[in-house]
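1. my questions are about this predicted structure, shown below with the sequence.
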Amino acid sequence: MNKIYIVLFLILTFIGINIKAETVIMETSKGSITINLDSEKAPITVENFLNYVDDGFYDDLIFHRVIKGFMIQGGGFDRLMMQKPTNDPIKNESKNGLRNEMYTIAMARTNDPDSATSQFFINLEDNYFLDKNAGYCVFGKVIEGQEVVKEIGNLSTHVSNGMGDVPIKTVTIKSIKLIKKGND
């Protein structure tokens with residue numbers, strides 16, 4: 001499948017269509033997930049996410065929250081359910097025209113719209129209700145590895161360290177690597 005995207009990218013580049021998107025590959029204990037990031041519509045959010053990626057912040061963290069038919073969330077806790085210290089929160093860019101659709105990646109946050117730091121979630125369904133009011137900022141989409149996302153999304157969960165919806169079988173984010181910079 002990667003070969004198809006490379007060929008398509010080369011064709012579009014050759015005919016002069018400029019693609020401004022970064023691509024990352026998330027290696028998990030369940031398999032690989034490839035995500036296109038939209039730095040044009042969510043520049044602050046993509047820059048924030050890539051800063052964490054560049055620092056290796058996500059290495060060995062887990063998907064700590066799974067809600068079947070809704071989303072899978074990671075990027076904040078290790079396998080002992082200890083939260084990792086983060087950088088300062090960023091401005092919410094949820095009104096960027098991107099919607100919380102199936103297989104999009106968005107920033108997790110508290111009730112404060114401008115509280116997102118490192119945690120993200122991948123939508124398992126079209127969750128348009130997350131676009132209302134202050135919303136949750138979508139900043140990319142899974143382009144490969146949807147079956148991995150589905151598998152994680154179907155895991156059984158329990159309560160761990162007082163937190164609900166924690167997968168019984170731990171899914172580790174081994175690493176997230178930038179494989180294509182925008183306009184490369």
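-> Structure's in. What do you need? Numbers count the residues shown, from 1 in each chain.

2. from here on, contacts and neighbour counts on C-alpha atoms
-> Fine.

3. next one: stretch 126-137 to chain centre, how far?
-> Its chain's C-alpha centre and that of stretch 126-137 lie 15 Å apart, by Cα atoms, centre = their mean, to the nearest Å.

4. which residues touch that stretch?
-> 42, 45, 70, 92-96, 98-102, 106-109, 113 (Cα atoms under 8 Å, 6 or more residues apart in numbering).

5. list only those of those residues flagged as buried.
-> 42, 45, 92-95, 98-102, 106-109, 113 (16 or more other Cα atoms under 10 Å).

6. now, these that are in helices?
-> Thr45 (DSSP state H).

7. excluding its backbone neighbours, what's nearest the residue nearest the centre of the chain?
-> With distances taken as Cα atoms, centre = their mean, Ile105 lies nearest the centre of the chain, 4.0 Å away. Using Cα to Cα, 6 or more residues apart in numbering and skipping the chain neighbours, the partner closest in space to Ile105 is Ile122 (4.4 Å).

8. give me the beta-bridge partners of that neighbour?
-> On the basis of DSSP bridges, Ile122 takes part in beta bridges with Ile72, Ile105.

9. could you point out the helix or strand that follows the worst-scoring helix or strand of the chain on mean pLDDT?
-> Across the helices and strands of the chain, the lowest-confidence element by mean pLDDT, DSSP states H and E is helix 2-14, at a mean of 53. The element immediately downstream of helix 2-14 (helix or strand, assigned by DSSP states H and E) is strand 22-28.

10. quick one: strands adjacent to that next one?
-> Partners of strand 22-28 in the sheet, by DSSP bridges, are strand 31-37 (antiparallel), strand 172-180 (antiparallel).

11. what's the most buried one of those?
-> strand 31-37 (a mean of 22; mean count of other Cα atoms under 10 Å).

12. hmm, who's touching that one?
-> Taking Cα under 8 Å, 6+ apart as the rule, strand 31-37 contacts 21-27, 46, 139-146, 148-149.

13. give me the buried entries from those residues.
-> Among the contacts of strand 31-37, the ones that count as buried by 16+ other Cα under 10 Å are 21-27, 46, 139-146, 149.

14. if we ignore the residues flanking it in sequence, what's nearest Gly145?
-> In space, Gly145 is closest to Ile33, 4.4 Å off (Cα to Cα, 6+ apart).
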